[in-house]
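[1] No sequence on hand, only this structure:
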């Protein structure tokens, strides 16, 4: 089969690799219908996180089950499935508390640490899923083409924005500020809107992203940054700040801005993967009763409810995909996102390039 | 009148000071019936926080209103009142969100920053309360002598333990670990028990404190500290840790132990005033979805509900007072707490020394 390989910073190759083989009895081979590039993939593309030549990449995919091991009982050949960005058993103590992302035997895609050996990256034609029954969610039927981006968005990007809103306990009537106008930030806007937030302010300087944010329910756009942004945001909300701030960037500055923007007694949720380990202003947080939560999203736990809403057409997170490319052009997909020409690129094995309008 | 003065580390004096005078129109003079020494007072007694010669001290008091300004409408002369450890207006944006402790015009007792000038420390015979109507809560009638310690405990110590449980959202069936067996830690045990926690583990090496913790609802006692404590606590709860950890010490080590003890997706609340500004393990917290909350307790917001329970006899937090002394022996009260001979000392103007058995 063919798959994306990252050989080093800026070096994405579309190359032939070995077909995956079943090895655990409980695993499945899924033929990828759609995958995509994540903002966190760019950390490796930019050399912030290390890569080794030949590394596979990608962790968001939906597809059709092509083969199953003898002990797979719930997933069948031909099923259309959606996968979280990790595999999990759904029976360990963490899975039982709704924290499948911290499954005690969790592994990530494109990893040699998976049960039964290597599990493929999502940016490829086929993926071996080590524990098919507990990891995959089966759709009632194959989705219409128009539904594909919305289902794909559940693998990580929307569920991460949703996790921000959940972690901060956004509720009806809340005032919410979203820091970050990337795909995750936009999804956080949508999630806050879905929770009934009254005002949703997005920090953004890009007209195209502002437009999607408005579509997703943002009521206000602010272009300020840093200390100026903190002051503007506080001033918008009676001088004390909003009830909730959703941090969807992952830098020290963004964490700090979030913590200093929210009102005393308010909640900050962070879902941007932190790089460099921010030094949190612990005393400031204490003095102001700031609640800090968030982290990696437990996608598998959220999937059943959210997939239902997507299938019914009530939730349309796939709007964040502003470009579609054939998997063979995966290198261009990385370049487009790295250069901010694209918000998020959907990859289709065998597809024609072009914009999507989900 | 007479009041406690802290002239420097270890130097507590019982001395004559000027009687307070009404100055704002909305203020009141309260004759103190009982006050006490707080663990945070010890930071100044030990020289960790600075003092200037002649400084007044103490921030927990209950008493009888002796005089009111002309614009006071709700509080009357002769009323028995309980005070938070701060004064507040209950009308600013923070007060309206239930965060009276962050009142935009808040001041603390024994402070020159108060509205209308100096507001006395609680360890004295009289206290000027700058905004009587919004700061004080009036009891329906003067409490029985046996009720006095339980009402006094609402000024800060119990409401701080309660704030830990509230901030961590302790709910029925939760497993809770309390770090700290001081008066606040013991109150956190009581608050967790009141919230229906199933197992409550207290970290304690002192038999007298363990005994009170058991009375308050602790189901388990652990004597380990640091990394060993983290391991023991995790092992008690399926290898992943408890649902909630209430940190009631305020040191870097205690914060770290709390964060590393709780299960992924669990919540830590901190109510020990942090000294030295802990550097939080932000990446660890992110990877494990640890929720961090807490801070200074909004006593005034909690008082109405809790005072009702105390008056009805359903809540008996005053058990943390294991000694009572006349205010004139305030120096000995500090020594007894500093040397850990006493958990928390109640001070009574004019009273006889002796143990209390609330």
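    Nice, thanks for sending it over. Small disclaimer: the values here were computed from a predicted structure and weren't measured. Numbering: from 1, shown residues only, chains lettered A, B, ... in the order given.
[2] Would you map the helices across chain A?
    Counting by DSSP state H, one finds helices in chain A at the ranges A:39-45, A:93-96, A:132-135, A:148-152, A:157-167, A:183-194, A:207-216, A:226-236, A:252-261, A:282-287, A:299-312, A:330-338.
[3] Which positions in the stretch 51-200 of chain A make contact with chain B?
    Neighbours of chain B within the stretch 51-200 of chain A, by C-beta under 8 Å from any C-beta of the partner chain: A:93-94, A:97-99, A:101-102, A:104, A:167. To be clear about C-beta, it is placed using only N, CA and C from the backbone, and glycine gets the same treatment.
[4] With the stretch 201-350 of chain A instead?
    Proximity of the stretch 201-350 of chain A to chain B, by C-beta under 8 Å from any C-beta, involves residues A:237-240, A:243, A:255, A:263-265, A:267, A:270, A:273-274, A:277-283, A:285-296, A:298.
[5] ok, and the closest non-adjacent residue to residue A:26?
    For residue A:26, ignoring the flanking residues on the chain, the nearest one in space by C-beta to C-beta, 6 or more residues apart in numbering or on different chains is residue A:71 at 4.9 Å.
[6] and that neighbour, how many neighbours?
    A total of 12 residues lie near residue A:71 under the criterion other C-beta atoms under 10 Å in any protein chain shown.
[7] try the one 4 residues further on
    Each residue near residue A:75 was counted by other C-beta under 10 Å, and the total is 24.
[8] Mind splitting chain A into its structural domains?
    Structural domains annotated on chain A: A:2-156+A:298-348, A:158-294, as defined by automatic domain parsing.
[9] Kindly compare burial across the ones you listed and name the winner.
    Among those, domain A:158-294 has the highest mean neighbour count (mean count of other C-beta atoms under 10 Å in any protein chain shown), at a mean of 22.
[10] What's the end-to-end length of it?
    Across its full length, domain A:158-294 reaches 14 Å end to end, with C-alpha to C-alpha, to the nearest Å as the criterion.
[11] Then stretch A:14-34?
    The first residue of stretch A:14-34 is 16 Å away from its last residue (C-alpha to C-alpha).
[12] Could you pull up the mean pLDDT of that stretch?
    With pLDDT averaged residue by residue, stretch A:14-34 scores 97.
[13] Any idea how far it is from the middle of the chain?
    Distance of stretch A:14-34 from the chain centroid (C-alpha atoms, centre = their mean, to the nearest Å) equals 22 Å.
[14] any low-confidence regions in chain A?
    Per-residue confidence for chain A (pLDDT under 70) gives these ranges: A:274-279, A:351-358.
[15] quick one on the thing from earlier: now the two most distant members of the residues of the stretch 51-200 of chain A next to chain B.
    The most widely separated members of those, counting by C-beta to C-beta, are A:104 and A:167 (21.4 Å).
[16] Next one: the residue nearest to residue A:26 from residue A:260, what distance?
    Computed as C-beta to C-beta, to the nearest Å, the residue A:71 to residue A:260 distance reads 52 Å.
[17] again with residue A:187
    Distance of residue A:187 to residue A:260, computed by C-beta to C-beta: 24 Å.
[18] Next: residue A:80.
    45 Å.
[19] for residue A:126, same thing?
    As for residue A:126, its distance to residue A:260 is 47 Å (criterion: C-beta to C-beta).
[20] Over to residue A:244?
    Computed with C-beta to C-beta, the distance linking residue A:244 and residue A:260 is 14 Å.
[21] swap in residue A:57?
    Applying C-beta to C-beta, the value for residue A:57 to residue A:260 is 35 Å.
[22] and if you look at residue A:5?
    As judged by C-beta to C-beta, residue A:5 and residue A:260 stand 42 Å apart.
[23] next one: residue A:210
    On the measure of C-beta to C-beta, residue A:210 and residue A:260 end up 23 Å apart.
[24] Select, out of the domains of chain A, the one closest to residue B:50.
    Using C-beta to C-beta, those put domain A:158-294 closest to residue B:50, at 16.2 Å.
[25] For the closest one, what is the distance to the chain centroid?
    Centroid separation for domain A:158-294 versus its chain: 17 Å, with C-alpha atoms, centre = their mean.
[26] so residue A:316 touches residue A:150, yeah?
    Yes. Contact between residue A:316 and residue A:150 holds when scored by C-beta atoms under 8 Å: they sit 5.5 Å apart.
[27] Please tell me how far the residue nearest to residue A:26 sits from residue B:224.
    With distances defined as C-beta to C-beta, the gap from residue A:71 to residue B:224 amounts to 42 Å.
[28] Relative to chain B, how far out is the closest residue in space to residue A:64 that isn't next to it in sequence?
    If the residues on either side of it in the chain are set aside, residue A:64 comes closest to residue A:31, at 5.1 Å by C-beta to C-beta, 6+ apart. Applying C-beta to the nearest C-beta, to the nearest Å, one obtains 32 Å for the distance of residue A:31 from chain B.
[29] Contacts only, for residue A:31.
    If a contact means C-beta atoms under 8 Å, 6 or more residues apart in numbering or on different chains, then residue A:31 has A:63-66, A:125-126 as its contacts.
[30] Which of those residues sits closest to chain B?
    The shortest gap between chain B and any of the contacts of residue A:31 belongs to residue A:63, at 27.9 Å (C-beta to the nearest C-beta).
[31] Give the bridge partners for that closest one, please.
    Going by DSSP bridges, residue A:63 is paired in beta bridges with residue A:32, residue A:81.
[32] and it, what is it in contact with?
    A:30-34, A:80-81, A:127.
[33] how does it look with 10 Å?
    The contact partners of residue A:63, by C-beta atoms under 10 Å, 6 or more residues apart in numbering or on different chains, come to A:29-35, A:79-83, A:122, A:125-127, A:129, A:136, A:152, A:349.
[34] same check, this time on residue A:135
    A:26-28, A:75, A:81, A:83-84, A:86-90, A:100, A:103, A:106-107, A:119, A:129, A:300.
[35] mind running it again at 7 Å?
    If a contact means C-beta atoms under 7 Å, 6 or more residues apart in numbering or on different chains, then residue A:135 has A:83-84, A:87-88, A:129, A:300 as its contacts.
[36] ok, the nearest residue to it once chain neighbours are set aside to residue A:115 distance?
    For residue A:135, the nearest residue in space outside its immediate sequence neighbours is residue A:87; the separation is 4.2 Å by C-beta to C-beta, 6+ apart. Distance, residue A:87 to residue A:115, by C-beta to C-beta: 8 Å.
[37] Equivalent analysis for residue A:53, please.
    For residue A:53, the distance to residue A:115 - C-beta to C-beta - is 25 Å.
[38] got any residues that touch both of residue A:87 and residue A:115?
    What both residue A:87 and residue A:115 touch, as defined by C-beta under 7 Å, 6+ apart, is the set A:107, A:130-131.
[39] Let me know the closest of those residues to chain B.
    Within these, distances to chain B taken as C-beta to the nearest C-beta reach their minimum at residue A:107, with 14.7 Å.
[40] How about the closest one: what's its closest non-neighbour residue?
    residue A:114 (4.0 Å).
[41] Now do the contacts for the one you found.
    Contact criterion C-beta under 7 Å, 6+ apart gives A:87, A:107, A:130 as the residues in contact with residue A:114.
[42] Is it correct that the second one is in contact with residue A:117?
    I take that to be residue A:107. No. Proximity of residue A:107 to residue A:117 does not meet the contact threshold set by C-beta atoms under 7 Å, at 10.4 Å.
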